[in-house]
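**Student:** turn this into a model:
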Amino acid sequence: MSPDDPRLIITTLGTGTCVPSLSRSACSVLLEAGTEKILLDAGPGCMRRLLEHGVSIFDITHIFFSHFHPDHTGELATFLFANKYPDETRRQKPLTIAGGIGFRSFFNRLETVYGDWIRLQPQLFNILELYPTGNNRLNIQDIALSFASVEHRPESLAYRLDFPDGISVVYSGDTDFSEKLIGLAEQAGVLICESALPDERKAPGHLTPSLAGELARRARVHMLVLTHFYPECEKVDIASQCRKTYNGLLFLAEDLWQIPLTLLNRHPRNDEILPGKS
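**Tutor:** Okay, here's the model as predicted:
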């Protein structure tokens, strides 16, 4: 994709959790639209996956964090440190990093540890702390981004990005069942949703496949992409559990998988399950 190509490309860079895995890195999704390259979370392994996908860290324009757990933020310090090699002249595009309530304090504490190692030139670096109680919208060029608090941590946010071509993408981050997420995802084209554990292993603050499916059904989402899988998910039929509650397009994400947006106008059979790899 050339820098001026307006097509939207969504790649699930990391689909795992804090548990080490040879096949799944921790949480991260890349959205590419023209000159904008947006990361949603940056868990450990994110930079390696970017390289495997053919994208430089210097091309990333925004990182939006769903919350501060290490499997979602663990690559932030090393990402910023890497941007200083061999010197800061490698980065030409400004970088904005953003998160929920307490994000500035979170970053300040990182600076207490790492100091100048993670400080970029002020004209190339911006920090945003997002408060889901006022105007929950901002614009990235011609992309409209909105956000809502969800049920995991006090700072937890889900994000929705509406693109000029009419495609809308929602990223849940970690969450339990959330009415606010249903509202944010209303009639979205794509919902990238955590499904951390099987139905029989439900844990507080996380969704299961059938709960994720119920949430997507109520939001009238066209395509549901399940991600953030703990190892227990590899031992059961996650898709069948989700099909108890959702009959739209269903994918089980894998690392470095590109979401097939060309299918958004296609209606699936009720029993159809689409694997992460084509």
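
**Student:** can you pull the buried residues of stretch 241-261?
**Tutor:** 241-243, 245-257, 259, 261 (16 or more other CB atoms under 10 Å). The C-beta positions use only the backbone N, C-alpha and C, and glycine is treated the same way.

**Student:** and if you look at stretch 121-136?
**Tutor:** By neighbour count on 16+ other CB under 10 Å, the buried set for stretch 121-136 is Phe125, Leu130, Pro132, Asn136.

**Student:** just the CA coordinates for that stretch, please, in CSV.
**Tutor:** Extracted in CSV, the C-alpha atoms of stretch 121-136 (Å, rounded to 0.1, in the frame of the first residue of the first chain):
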residue,chain,number,x,y,z
GLN,A,121,11.3,15.8,20.5
PRO,A,122,8.3,17.8,21.7
GLN,A,123,7.3,18.8,18.2
LEU,A,124,7.0,15.1,17.3
PHE,A,125,5.3,13.8,20.4
ASN,A,126,1.9,14.4,21.9
ILE,A,127,0.2,12.7,24.9
LEU,A,128,-3.6,12.7,25.3
GLU,A,129,-5.6,11.7,28.3
LEU,A,130,-9.1,10.8,27.3
TYR,A,131,-12.1,11.3,29.6
PRO,A,132,-15.3,9.4,28.7
THR,A,133,-17.6,11.9,30.5
GLY,A,134,-17.6,14.8,28.0
ASN,A,135,-17.1,15.1,24.3
ASN,A,136,-16.0,11.5,23.6
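
**Student:** number of nearby residues for Asp142?
**Tutor:** Residues near Asp142, counting by other CB atoms under 10 Å, number 12.

**Student:** the closest residue to it other than its chain neighbours: neighbour count?
**Tutor:** If the residues on either side of it in the chain are set aside, Asp142 comes closest to Pro164, at 4.9 Å by CB to CB, 6 or more residues apart in numbering. By the criterion of other CB under 10 Å, Pro164 has 13 neighbours.

**Student:** send me the helix or strand hosting Ala239 as CSV with only the CA atoms.
**Tutor:** Per DSSP states H and E: Ala239 is located in helix 238-242. Coordinates of each C-alpha in helix 238-242 appear next as CSV, following Å, rounded to 0.1, in the frame of the first residue of the first chain:
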residue,chain,number,x,y,z
ILE,A,238,-14.7,-21.2,20.6
ALA,A,239,-16.6,-20.5,17.3
SER,A,240,-19.5,-22.9,18.2
GLN,A,241,-19.9,-21.2,21.6
CYS,A,242,-20.1,-17.8,19.9
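
**Student:** if we can go back for a sec, quick one: secondary structure of the residue nearest to Asp142?
**Tutor:** coil (DSSP: H, G, I helix; E, B strand; the rest coil).

**Student:** if I look at it, how far off is Phe64?
**Tutor:** Distance, Pro164 to Phe64, by CB to CB, to the nearest Å: 19 Å.

**Student:** again with Arg201
**Tutor:** Distance, Arg201 to Phe64, using CB to CB: 29 Å.
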